[in-house]
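**Student:** The following block contains a protein sequence and its predicted model.
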Amino acid sequence: MQVDGRPFKENVRDILAEGYKIWASTALPALPESERYAASDSSLSVYGGEFAANLAAACQCYWLFRKLHRMVGDHPVHATLLGDYFFSLFSQNLIPVDSVELNNEFARILAEDTQKPMEMGDYLCFIGTLPMVLKS
């Protein structure tokens, strides 16, 4: 699966690269390798449409901004600013997908996640439902 002649995975990694570079330059705990591309890879495994790289990046950025915002108590400045950075990337990458239903699903899951933080496995299950939302 490709966009602009490049595999979707490469495009996603390019989108996330600056944020990961910033993360590495802060006092924040290192992001576990198991979480680095888990959400984006999960998205690419279930959806290969025209905007698959954007959706995959958005899925990864959602996980990252929620994770960072849970770290605000221990790292108020870096976690807040980097979380906001990943939220902006999340929003930026949802725009080309242009799906009200998808936006509604992320709003729903965010409301649930703020009440009870989601585990990675539950989030990956949620990602698996997104192609059905995009088909409706």
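**Tutor:** Perfect, thanks for sending it.
**Student:** And the helices in the protein?
**Tutor:** Secondary structure of the chain, counting by DSSP state H: helices at 8-24, 33-36, 38-46, 52-70, 76-94, 100-115, 120-135.
**Student:** Among these, show me which one is buried the most.
**Tutor:** helix 52-70 (a mean of 24; mean count of other CB atoms under 10 Å). From N, CA and C alone the C-beta is placed, and that goes for glycine too.
**Student:** lowest-pLDDT helix or strand in the protein?
**Tutor:** strand 2-3 (a mean of 47; mean pLDDT, DSSP states H and E).
**Student:** before we move on, the earlier item: format the helices of the chain as JSON lines; extra columns: mean pLDDT.
**Tutor:** Listed next are those as JSON lines, based on pLDDT from 0 to 100:
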{"stretch": "helix 8-24", "mean pLDDT": "95"}
{"stretch": "helix 33-36", "mean pLDDT": "94"}
{"stretch": "helix 38-46", "mean pLDDT": "96"}
{"stretch": "helix 52-70", "mean pLDDT": "97"}
{"stretch": "helix 76-94", "mean pLDDT": "97"}
{"stretch": "helix 100-115", "mean pLDDT": "95"}
{"stretch": "helix 120-135", "mean pLDDT": "92"}
